[in-house]
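Q: could you work out the structure for the sequence below:
(2 chains)
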Amino acid sequence: MTVITDPGLLARVDALQQAYAHALDRRDMQGWLACFASNGRYELTSAENVRMGLPVGMMLDDCHERLRDRVKYVNEVWNHAVEHYLARHLLSRDLCAWSDDGSLAASTNFSVFYTNAEGKSALLAVGHYEDIIVDEGGALRFVSKRAVMDTAVPPRYIIYPV
Amino acid sequence: MNAPSRDLPIRAWTDHTHIPYHLYTDEAIYRQELERIFYGPFWQPVALEAELPAVNDYKTIVVGETPLIVTRTGADEFAVMVNACAHRGVQITTEFKGTASDFSCPYHAWAYDNCGNLRKVPGEERFPDSFDKKHYGLRRLRAVLWNQVLWATFDEATPPIEEFFGEVADSIRAALGGGDRKLKLLGYQKIVFNCNWKVYMDNDGYHAGLLHTAFRMLNYQGGTAPLVADGFAGHWGAHYGAHRMVDNGYLADPTLVFTEGDEKTAAVNLLRPVTQVVKHLNAMNFRFGRPLGPDKTEVHYTYLAFADDPPELLQHRIRQSANLLGPSGFVSIEDGSMFERVQKAMGAPGGEINFLKGLKDSPDGHRSLQNDEAGNTPWWRYYKQVMGL
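A: Purely as a prediction, here's the structure:
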């Protein structure tokens, strides 16, 4: 592990994280999908599951096909019956480092607030991302994004990825 | 003077197929449910054997509003105790899970073994002569291991567990893979539904093909298997030969809805008061529920595999479990939405919810069909009786 200090590279990593949050805060699932590499994966789980070494969490999209299916879940399958909310992701970069295998590993803290249709807001989850980022055709993309919630028991059902 | 119209008297409850809204919102009703149901003659699950695989493993869980410690004290021996020191009532542990052969209360260092027996008390020489450690153990609950699940009850009068579940026992076994094969824990999905625990437990088979768009998109119309409502308080269970989902090209990764191996059985069980056990395709999940007052319900979805699953099947089960049937599941997320929308309407005075489908052929609700809702009526008949309403 070599900590990355290059301001230019860190700015590019930050821009990817911001694009990710920006998409989710606007329920833009295509924008969310665009943040992933062509072999990308996404996982949402709890720190509790991670501590116990348990593989099943809240969402597991371990191939690009599943990422594309999740766009359909949100936009087509669930749309008529779920109670939508607006998310706000507040992110804070923790650590960026080169892994021994040459990939870029980024840890970023998040807190996600939600606001329902009545305009009432609360914390949905707090936690951190463990990401592996690659340069794909000149743009940074997530080859793996794992959202680990310290919040083991969210206060409502989660519709959109975190 | 006439009372203002908003103080109209609550409609008298006469019919267990029509349930007044106030039973789902009233704080006094909720307190009475704790006493008569959650602390009454019911077996409630406190642990899966797979959650405590080794001797001295423990977990904590709340039943009703009572925090419990569940310990594995031997190869096939477990203890269920109230998680409160016999001295001042301090929680003995605040961890969800761990491993310990004994517990020490941090307040005054009273020490217990993991069966709840009090072993050491600092300063005992200055206690009254009548003090006897034997009388100051952690409060133990009756518990029984049944189908790899540990069940506990607060009530000495709770009937034997096979009698408690009656004819639904077969369907519970089916959901847990038949009972012989060792289960293994895959993970937790925990969630709060903003609804009364009975709204969560009123769920039915009527809605499945109507609410859950995913079933329609996959041309899956649900089943018409028999549903049996039986046992002590009207649990219901339906087990049936699962239809295989046919890939119609909708999903880019249709393995989400594939059935691998020779598992042909699906089963859905609603166990009173607040437990659900479901097997669908290759996903097995056991749902521990818990009321948080009259208007919230916490549910721990616990996913299982067989300990002897070959690696490919295990991997398939993990991938299916995470995305299919949980609070954010492809075919299930809408349930939570309905629960919460039902609860929001329950402030309306004089309103009631009703159960109708299936009563034509099964007036007592004992045997209806999987896509009916009549299976909930035996429970409500019992509820009315046990609550004295």
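Q: neighbours of the nearest residue to A:His80 once chain neighbours are set aside, how many?
A: Closest residue to A:His80 apart from its sequence neighbours, by Cβ to Cβ, 6 or more residues apart in numbering or on different chains: B:Thr213 at 6.8 Å. Heads up, the C-betas are built off the backbone N, CA and C, glycines and all. If you count neighbours by other Cβ atoms under 10 Å in any protein chain shown, B:Thr213 ends up with 19.
Q: what do you get for B:Ala348?
A: Residues near B:Ala348, counting by other Cβ under 10 Å: 10.
Q: surely it and B:Tyr24 touch.
A: No. B:Ala348 lies out of contact with B:Tyr24 (Cβ atoms under 8 Å); the separation is 11.4 Å.
Q: tell me the secondary structure for the closest residue to B:Tyr112 other than its chain neighbours?
A: Distance criterion Cβ to Cβ, 6+ apart; nearest residue to B:Tyr112, sequence neighbours excluded, is B:Phe103 at 4.9 Å. Three-state assignment for B:Phe103 (DSSP: H, G, I helix; E, B strand; the rest coil): strand.
Q: ditto for B:Gly237
A: strand.
Q: the residue nearest to it when sequence neighbours are not counted in helix, strand or coil?
A: Residue nearest to B:Gly237 in three dimensions, not counting chain neighbours: B:Ser171, with 2.9 Å by Cβ to Cβ, 6+ apart. Assigned with three-state DSSP, B:Ser171 falls in the helix class.
Q: so what secondary structure elements neighbour the longest helix out of those in chain A?
A: Selection of the longest helix in chain A by residue count, based on DSSP state H, yields helix A:7-25. Applying 3 or more Cβ pairs under 8 Å, 6 or more residues apart in numbering or on different chains; DSSP states H and E, one finds that helix A:7-25 contacts helix A:29-33, strand A:86-98, strand A:104-115, strand A:121-136, strand A:139-149.
Q: mind listing what's buried in it?
A: A:Leu9, A:Val13, A:Asp14, A:Leu16, A:Gln17, A:Ala19, A:Tyr20, A:Ala21, A:Ala23, A:Leu24, A:Asp25 (16 or more other Cβ atoms under 10 Å in any protein chain shown).
Q: got the contact list for that helix?
A: A:4, A:28-32, A:34-35, A:86-89, A:91, A:93, A:96, A:104, A:106, A:108, A:129, A:133, A:140-142, A:145, A:160-162 (Cβ atoms under 8 Å, 6 or more residues apart in numbering or on different chains).
Q: OK, contacts around the residue nearest to B:Tyr112?
A: Contacts of B:Phe103 by Cβ under 8 Å, 6+ apart are B:Ile69, B:Ile92, B:Thr93, B:Ala111, B:Tyr112, B:Asn114.
Q: what's near enough to touch the second one?
A: B:Ile92 makes contact with B:Ile69, B:Asn83, B:Ala84, B:Cys85, B:Phe103, B:Cys105, B:Tyr112, B:Leu138, according to Cβ under 8 Å, 6+ apart.
Q: which residues touch the third one?
A: Under the criterion of Cβ under 8 Å, 6+ apart, the contact partners of B:Ala84 comprise B:Pro67, B:Val90, B:Gln91, B:Ile92, B:Leu138, B:Arg139.
Q: make it 7 Å
A: Contact analysis of B:Ala84 by Cβ atoms under 7 Å, 6 or more residues apart in numbering or on different chains lists B:Pro67, B:Val90, B:Gln91.
Q: so for the closest residue to B:Gly347 other than its chain neighbours, what pLDDT did the model give?
A: Excluding the flanking residues, the one nearest B:Gly347 by Cβ to Cβ, 6+ apart is B:Thr25, at 7.0 Å. The score at B:Thr25 is 96. That number is its pLDDT.
Q: can you count the residues close to B:Thr25?
A: 15.
Q: go on, B:Glu373?
A: For B:Glu373, the neighbour count with other Cβ under 10 Å is 23.
Q: so how far is stretch B:155-165 off the chain centroid?
A: Centre-to-centre, stretch B:155-165 and its host chain are 16 Å apart (Cα atoms, centre = their mean, to the nearest Å).
Q: sorry, wrong one. I was asking about stretch B:304-313.
A: Computed by Cα atoms, centre = their mean, the separation of stretch B:304-313 from the middle of its chain amounts to 24 Å.
Q: doesn't B:His135 belong to a helix?
A: Yes. Assessed with three-state DSSP, B:His135 lies in a helix.
Q: look up how far chain A lies from it.
A: Taking Cβ to the nearest Cβ, to the nearest Å as the measure, B:His135 and chain A are separated by 36 Å.
Q: contact residues of chain A facing chain B?
A: Proximity of chain A to chain B, by Cβ under 7 Å from any Cβ of the partner chain, involves residues A:48-49, A:52, A:54-60, A:62-63, A:65-66, A:68-69, A:73, A:77-78, A:80-83, A:152-159.
Q: separate out the buried members of those residues.
A: Looks like the residues of chain A next to chain B have A:48-49, A:54-60, A:62-63, A:66, A:68-69, A:73, A:77-78, A:81-83, A:152-159 buried, using 16+ other Cβ under 10 Å.
Q: how much space between the residue of chain A most remote from its centre and B:Gly350?
A: For chain A, the residue at maximal distance from the C-alpha centroid (Cα atoms, centre = their mean) is A:Glu118, at 25.8 Å. Taking Cβ to Cβ, to the nearest Å as the measure, A:Glu118 falls 24 Å from B:Gly350.
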